[in-house]
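1. Structure, please.
(4 chains)
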Number of protein chains: 2
Amino acid sequence: MKRHLKPGEKPTLKTIARLSGLAVATVSRALGDAPDISADTKVKVRRIADEVGYIPNRAGVRLRTGRTNVISLILPVESNMTNHTAKLQSSIAHELRGTQFHLNVTPQFPDEDPLKPVRYIVENGLADGIIINSTRADDERVAYMMERKFPFATHGRTGWSDAHAYFDFDNQTFVTLAAKHLAGLGRKRMKVLLPPSGLNYTNDMMTGIIMARDMLGVDIQAMSNLHAEMAAEQISAWFEDAKSSDQTADGYIISSPMACIAVVDALERQGVKLGQEVDVFSREAIPFLKYFRPQIHLMREDVGWVGTHLARAVVQAIRAPNAKPLQGLEVPNETYIR
Amino acid sequence: MKRHLKPGEKPTLKTIARLSGLAVATVSRALGDAPDISADTKVKVRRIADEVGYIPNRAGVRLRTGRTNVISLILPVESNMTNHTAKLQSSIAHELRGTQFHLNVTPQFPDEDPLKPVRYIVENGLADGIIINSTRADDERVAYMMERKFPFATHGRTGWSDAHAYFDFDNQTFVTLAAKHLAGLGRKRMKVLLPPSGLNYTNDMMTGIIMARDMLGVDIQAMSNLHAEMAAEQISAWFEDAKSSDQTADGYIISSPMACIAVVDALERQGVKLGQEVDVFSREAIPFLKYFRPQIHLMREDVGWVGTHLARAVVQAIRAPNAKPLQGLEVPNETYIR
DNA sequence: CCCTGAAGCTATAACGTTATAGATGTCCAC
DNA sequence: GTGGACATCTATAACGTTATAGCTTCAGGG
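-> Model (predicted):
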């Protein structure tokens, strides 16, 4: 398809002009559907443009026309930010304040390849650096950016995290601490509701399970067929269905606050009382589960600091590509438990 | 200060070159701290640049150097988005998918003039359109953008909303419906926890209070010295302090989910039981308060649709500046109540 | 007094795009 | 066969920036 392109060449109007034998201005006007260009030419130009994958250079358009093709969302930074995403973005934006950098949000839709937005940004030069989360051990986005030496920082480690900037919460320790805490309350049979499988921190939590089993000698295992990002209804439904199966756990370790709510709700429907038959331990960024049920045990995680670190890390990766990448690992201890 | 500038002129390197008598290239190199420019010149250029308020044109830099000065945050769009901000952004991004527009997030810090980010974007041409929320009746940001004919859309109406694009939830009807619902449960003395004063939807809710009083004949009033965006701790503290004062309300209408949690918590600490001595009615975007206390009465508000509408509205404002602005008002009815 | 080298500045070109004015060719009317 | 109208395309310039090469000036050595 792209056989007309010189290798590594980013197609511009000039490319299309060369391939079509037309002038750059004509190509521009043809693509812009100007009235004084013949239909034939328009079709021909359009075809070549598609063939070579032409995408208008935003800087060129912007410089010439003043059009930025950007929509700006003004996000009020509230003091009592109860909101994970808002908090993360605010802290990134806050750290970026005073630098030349602007923050752009690119959605990654569940129905598309996770690599797509990353590739789009890298190939079209839409940013100097990228921040991603939900990392996998062999994350293809990370592999892609490392190969191209494109600056980035990840929330969550990967198989190559020695070599790139990241911030991570030590989820292995999270699990062992939680298990220890529950064991201290006399709990004997624990179940862990993990994040979706494949994610790096899911693996870390699985390691934590094994470590807790080995070192503390407790009966602890992951819940199968269920993960912490499922909708509350699904989690509830699972507990209903599983009534007949093994429900003898007396301790739950839950990876996300929403899942925790769903689990507690399901347990209570079965007549179980928190702090009596069962104890529940969850991770939480914002102090709110304590209002839901004060008996829930919590490990706090500071999202604001995550954003701050990631912003610094990616800026460093941009400015000093050869320096040692900025890496941060927050290892929780007993004082993190509420 | 800016007396050297022609009116309306956006300072560029050329401007500084003209004012300093140096060549454009020299100015560029002086500001870039190049080694072959004398210290004197650097100081002089820097001073003039500051004086005229020079800010490098991002498109120029980007075109020349390839540097975008943009950091991109990849935001995974989860299906069970439990998160107001993330949901809003996802729906905006979703609506923008397939258009040429990118979404940029500009924070508005509580310690700075709300007009600042808007002015920054407009003056420096950093976007083609702006979306704002937390509007006031005589919102200075709206006045600013209207005066300059800069495309925008607001979440929440203003005093001039006939003339601009907006989406709003009918908060007046929200209050009257809630009051009617509580009255139907036999509640006689209602209190409303409003959003911070000055916001347009706060005024709407106040109108709703008066209408409910007049039309339903119920005893209903706003809670003073307290608003729904305060931290949970503050709300709790207020209820403690106010023990001695009037606590005879039997119905509460709360403007935000977090405040609702705090209020219910405070009430329960006083031994009050939901659905018995007191009923509580709240607004909610995500189905979660029902897990907290199933007795809470809810009016649902679809944040996803808000984002979709706002995105369409601002795109229309950009593409067809003279068309009638896109406006949407969601008027709740009994079926919105859960 | 010429040559060299350094310091300090500038002219030019280029990044990719599009608005403007102009060029070329065709066709028809007179 | 000349003029004009029209359709279609192109050359040029400009947006703001910076890398590159080159220019000027001056001091100091020979």
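2. Pull the contacting residues for the residue nearest the centre of chain A.
-> With distances taken as CA atoms, centre = their mean, the residue of chain A nearest its centroid is A:N133 (2.6 Å). Applying CB atoms under 8 Å, 6 or more residues apart in numbering or on different chains to A:N133 gives the contacts A:154-156, B:74, B:76. All C-beta spots, glycine's among them, are computed from the backbone N, C-alpha and C.
3. Pipe those into JSON lines and attach pLDDT, secondary structure and neighbour count per row.
-> Formatted as JSON lines, the contacts of A:N133 follow (pLDDT from 0 to 100; DSSP: H, G, I helix; E, B strand; the rest coil; neighbours: other CB atoms under 10 Å in any protein chain shown):
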{"residue": "A:T154", "pLDDT": "96", "secondary structure": "strand", "neighbour count": "29"}
{"residue": "A:H155", "pLDDT": "94", "secondary structure": "strand", "neighbour count": "22"}
{"residue": "A:G156", "pLDDT": "95", "secondary structure": "coil", "neighbour count": "23"}
{"residue": "B:I74", "pLDDT": "77", "secondary structure": "strand", "neighbour count": "21"}
{"residue": "B:P76", "pLDDT": "69", "secondary structure": "strand", "neighbour count": "18"}
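4. Please name every helix or strand in contact with the worst-scoring helix or strand of chain A on mean pLDDT.
-> Ranking every helix and strand in chain A by mean pLDDT, DSSP states H and E puts strand A:70-76 at the bottom, with a mean of 77. Strand A:70-76 sits against helix A:84-96, helix B:84-96, strand B:102-108, helix B:115-123, strand B:129-132, helix B:303-319, with contacts defined as 3 or more CB pairs under 8 Å, 6 or more residues apart in numbering or on different chains; DSSP states H and E.
5. can you pull out the helices in chain A?
-> Applying DSSP state H to chain A gives helices spanning A:13-20, A:24-31, A:39-52, A:58-65, A:84-96, A:115-123, A:140-147, A:171-184, A:200-216, A:232-241, A:257-269, A:289-292, A:303-319.
6. Distance to DNA strand D, mean neighbour count and mean pLDDT for the ones you listed - can I get that in TSV?
-> Formatted as TSV, those follow (distance: least, CB to the nearest atom of the strand, whole Å; neighbours: other CB atoms under 10 Å in any protein chain shown; pLDDT from 0 to 100):
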stretch	distance to DNA strand D	mean neighbour count	mean pLDDT
helix A:13-20	8	18	93
helix A:24-31	3	18	94
helix A:39-52	4	15	94
helix A:58-65	4	17	90
helix A:84-96	19	23	85
helix A:115-123	21	18	87
helix A:140-147	24	18	95
helix A:171-184	43	22	97
helix A:200-216	38	19	96
helix A:232-241	51	16	84
helix A:257-269	45	21	90
helix A:289-292	49	19	87
helix A:303-319	14	21	91
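7. my guess is A:I16 meets A:V45, correct?
-> Yes. In this structure, A:I16 sits in contact with A:V45. The criterion is CB atoms under 8 Å, and the distance is 6.3 Å.
8. Pull the contacting residues for A:A179.
-> The contact partners of A:A179, by CB under 8 Å, 6+ apart, come to A:190, A:208-209, A:212, A:216, A:218, A:220, A:251, A:253.
9. And A:G208, by the same measure?
-> Residues in contact with A:G208, defined by CB under 8 Å, 6+ apart, are A:171-176, A:179.
10. Pull out the buried positions in stretch A:151-171.
-> Within stretch A:151-171, the residues that count as buried by 16 or more other CB atoms under 10 Å in any protein chain shown are A:151-158, A:161, A:164-171.
11. Just tell me which of the helices and strands packed on strand A:70-76 ends up closest to A:V280.
-> A:V280 sits nearest to helix A:84-96 of all the helices and strands packed on strand A:70-76, at 20.0 Å, using CB to CB.
12. What lies in contact with that closest one?
-> Under the criterion CB under 8 Å, 6+ apart, residues A:75, A:77-78, A:81, A:102-103, A:105, A:131, A:285-286, A:303-308, A:310-312, A:315, B:71, B:73, B:75, B:83-86, B:89, B:105-107, B:109 lie in contact with helix A:84-96.
13. circling back: between A:I16 and A:V45, which contacts overlap?
-> Both A:I16 and A:V45 are contacted by A:22, A:27, under the criterion CB under 8 Å, 6+ apart.
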